[in-house]
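1. what follows is a predicted structure for the sequence shown.
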Amino acid sequence: MARRPPKPSSDLRDASRGERIQLVLAKAGVGSRRACEKLVQEGRVKVNGVVVEELPAWVDPANDKITVAGKRIETAERHVYVMLNKPRNTVSTQSDPDGRRTVSDLVKHPSGARLYPVGRLDYDTLGLLLLTNDGELANKLTHPKFGVDKIYRAVVRGALDDEGIERIKRGIVLATRKAGKTVGAERLGAVQLRVHRREPTRTVLDLKLEEGRNRQVRRILAAVGCPVKKLTRIQVGPIELKGVALGQWRELTATEIRALRKAVGEGAGAAKRAKKAASKSRAAKKPAARGAKSTQKRSVRITSSHGPDRSRRTR
Ligand code: URA
């Protein structure tokens with residue numbers, strides 16, 4: 001079969017393609033601008049398989065495949081997604097003015113990418129913390145509009161009674177205090193809850209929250225008389241804490257990244273889903289037809305896939 005002729009390199013004379021090639025090479029760390037020009041003049045640089053014959057030449061760093069002496073150059077910044085199993089005594093920031101250990105001290109990605117924590121865990125909270133350099137996805141994962149829920153496993157002091165369980169499920173009202181005085185009250189959202197073990201001196205339970213208020217789980221449980229002894233985040237949206245020991249990190253798999261994107265309405269099929277959601281909302285606004293199915297939101301149970309065995313694997 002006849003091969004398609006290579007694209008003529010004269011394409012590269014079109015300045016609307018993007019950036020000058022020597023600049024792109026220099027930014028990718030190949031060498032100084034001058035040295036990169038020399039590499040081009042020596043015929044060692046190819047764009048999409050074709051030797052660059054002359055300067056000036058413009059390339060599209062995000063889409064062109066650029067090689068120097070046969071080696072591919074990484075031009076656009078690669079997005080990196082990491083799961084850290086955060087230990088206690090670690091701040092969820094990149095640096096700490098008080099010199100405490102930070103999550104950035106624990107996650108040193110070989111690419112040198114600067115990774116930002118997605119949301120925060122308290123200094124003493126353990127478990128799943130995502131880090132990424134994909135700012136857009138990170139914002140969506142933390143924005144209340146996208147309602148990405150989180151599941152926490154708490155070990156608390158005392159036996160949490162049925163009344164306490166009901167109060168938490170309905171949504172606790174907490175006093176807002178300033179300078180030692182009560183200045184108001186706030187109602188926290190309803191919480192889904194599952195008790196794993198209830199003993200006279202301790203209770204082990206999972207709480208599923210959509211909100212992300214400061215020390216929310218600790219405040220909820222203290223309000224029902226069961227202060228937290230140990231708190232571990234075990235799930236964020238579709239991502240479960242697994243395959244990573246305490247204090248260690250790993251990259252998310254392609255499947256996990258796809259699931260995260262889906263959770264915030266991005267990725268394959270997002271346009272279709274948005275259209276479906278819009279038509280559903282239009283239908284909901286119409287007067288209900290007789291015999292139509294109720295559109296009331298059903299409460300969702302916490303998934304049963306995070307029993308004690310699974311948590312043991314990760315801690
Ligand atoms: N709720 C808390 O109380 N602490 C955390 O770290 C996260 C949620």
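-> On my side now, so go ahead.
2. which bits of this protein sit near the ligand?
-> 121, 122, 125, 152, 215, 216, 217, 218, 231 (CB under 6 Å from any ligand atom). Bear in mind the C-beta positions are built from the backbone N, C-alpha and C, glycine included.
3. give the contact list for the nearest residue to the first one once chain neighbours are set aside.
-> Of all residues not flanking residue 121 in the chain, residue 92 sits nearest, at 5.1 Å (CB to CB, 6 or more residues apart in numbering). Contact analysis of residue 92 by CB atoms under 8 Å, 6 or more residues apart in numbering lists 86, 102, 103, 117, 119, 120, 121, 129.
4. could you rerun that using 7 Å?
-> Counting by CB atoms under 7 Å, 6 or more residues apart in numbering, residue 92 makes contact with 103, 117, 120, 121, 129.
5. hmm, back to that, buried members of the residues of the chain next to the ligand into ChimeraX, please.
-> Applying 16 or more other CB atoms under 10 Å to the residues of the chain next to the ligand, the buried members can be selected in ChimeraX as follows:
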select :121,122,125,152,216,217,218,231
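6. mind putting the residues of the chain next to the ligand into JSON lines with secondary structure and pLDDT?
-> Putting the residues of the chain next to the ligand into JSON lines (DSSP: H, G, I helix; E, B strand; the rest coil; pLDDT from 0 to 100) gives the following:
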{"residue": "121", "secondary structure": "coil", "pLDDT": "97"}
{"residue": "122", "secondary structure": "coil", "pLDDT": "97"}
{"residue": "125", "secondary structure": "coil", "pLDDT": "98"}
{"residue": "152", "secondary structure": "strand", "pLDDT": "98"}
{"residue": "215", "secondary structure": "coil", "pLDDT": "91"}
{"residue": "216", "secondary structure": "helix", "pLDDT": "92"}
{"residue": "217", "secondary structure": "helix", "pLDDT": "95"}
{"residue": "218", "secondary structure": "helix", "pLDDT": "96"}
{"residue": "231", "secondary structure": "strand", "pLDDT": "98"}
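7. between the residues of the chain next to the ligand, which is nearest residue 187?
-> Closest approach between the residues of the chain next to the ligand and residue 187, by CB to CB: residue 216, at 12.2 Å.
8. surely that closest one and residue 189 touch.
-> No. With contacts counted by CB atoms under 7 Å, residue 216 stays clear of residue 189, the gap being 9.1 Å.
9. beta partners of residue 192?
-> The partner list for residue 192 in beta bridges (DSSP bridges) reads residue 208.
10. what's the distance between it and residue 186?
-> Distance check for residue 192 against residue 186: by CB to CB, to the nearest Å, it reads 20 Å.
11. who has more neighbours out of those two?
-> residue 192 (17 against 11; other CB atoms under 10 Å).
12. how close does that one get to the ligand?
-> Separation of residue 192 from the ligand (CB to the nearest ligand atom, to the nearest Å): 15 Å.
13. show me the contacts of residue 92 that map onto strands.
-> Per DSSP state E, strands hold the following members of these: 117, 129.
14. buried subset of the contacts of residue 92 as a ChimeraX selection?
-> In ChimeraX syntax, the buried subset of these is picked out as below (16+ other CB under 10 Å):
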select :103,117,121,129
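15. name the nearest of the contacts of residue 92 relative to residue 208.
-> Nearest to residue 208 among the contacts of residue 92 is residue 121, at 16.0 Å by CB to CB.
16. next, count neighbours for residue 208.
-> When neighbours are counted by other CB under 10 Å, residue 208 registers 18.
17. same question, residue 114
-> By other CB under 10 Å, the residues close to residue 114 number 12.
18. and it, what does it touch?
-> For residue 114, the contact set (CB under 7 Å, 6+ apart) comprises residue 133.
19. what number of residues lie near residue 15?
-> Using other CB under 10 Å, residue 15 has 11 other residues around it.
20. how does this structure divide into domains?
-> Using automatic domain parsing, the domain ranges for the chain come out as 10-72, 78-148+239-267, 149-236.
21. now the first one: mean pLDDT?
-> Looking back up the chat, that one is domain 10-72. Averaged across domain 10-72, the pLDDT comes to 87.
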